[in-house]
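*Asks:* no FASTA, just this:
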């Protein structure tokens, strides 16, 4: 099992997230996002219901900022 252990270096906690969707133009998002919003975003893109026990809102995959992004003041 992998974990952060006792180190929280930038290289360990901030990693790239690449998502490729058909018929969508690529883009770069500068705001930090939470990986927890990825599963509900994928379910939503597939038209599947998002379970009620998913407490983190889905990432916005259409290029607009949304609840899956964190404001810089919360990133510490």
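*Replies:* Good, I have the coordinates. These figures come from a predicted structure and were not determined experimentally. Numbering: from 1, shown residues only.
*Asks:* can you map out the helices along this structure?
*Replies:* 10-13, 38-45 (DSSP state H).
*Asks:* least reliable of the ones you listed by average pLDDT, please.
*Replies:* Mean pLDDT is lowest for helix 10-13 among the helices of the chain, at a mean of 74.
*Asks:* centre of the chain to that helix, how far?
*Replies:* Distance of helix 10-13 from the chain centroid (Cα atoms, centre = their mean, to the nearest Å) equals 16 Å.
*Asks:* for this protein, what are the low-confidence residue spans?
*Replies:* Residues of the chain that meet the criterion pLDDT under 70 lie in 1-5, 63-76.
*Asks:* related to what we said a few turns ago, in CSV, list the helices of the chain along with distance to residue 52 and mean neighbour count.
*Replies:* In short, each C-beta sits where N, CA and C put it, glycine included. Listed next are the helices of the chain as CSV, based on distance: least, Cβ to Cβ, whole Å; neighbours: other Cβ atoms under 10 Å:
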stretch, distance to residue 52, mean neighbour count
helix 10-13, 29, 9
helix 38-45, 11, 17
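*Asks:* let's have the ones you listed in JSON lines, adding distance to residue 62.
*Replies:* Shown next, in JSON lines, are the helices of the chain (distance: least, Cβ to Cβ, whole Å):
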{"stretch": "helix 10-13", "distance to residue 62": "26"}
{"stretch": "helix 38-45", "distance to residue 62": "10"}
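*Asks:* between those, which gets nearest to residue 32?
*Replies:* Smallest distance to residue 32 across these (Cβ to Cβ): 9.6 Å, for helix 10-13.
*Asks:* for stretch 18-28, measure first residue to last.
*Replies:* 9 Å (Cα to Cα, to the nearest Å).
*Asks:* which residue ranges form the strands in this structure?
*Replies:* Counting by DSSP state E, one finds no strands in the chain.
*Asks:* before we move on, the earlier item: for residue 22, find the nearest of the helices of the chain.
*Replies:* Across those, residue 22 has its closest neighbour in helix 38-45 (9.7 Å, Cβ to Cβ).
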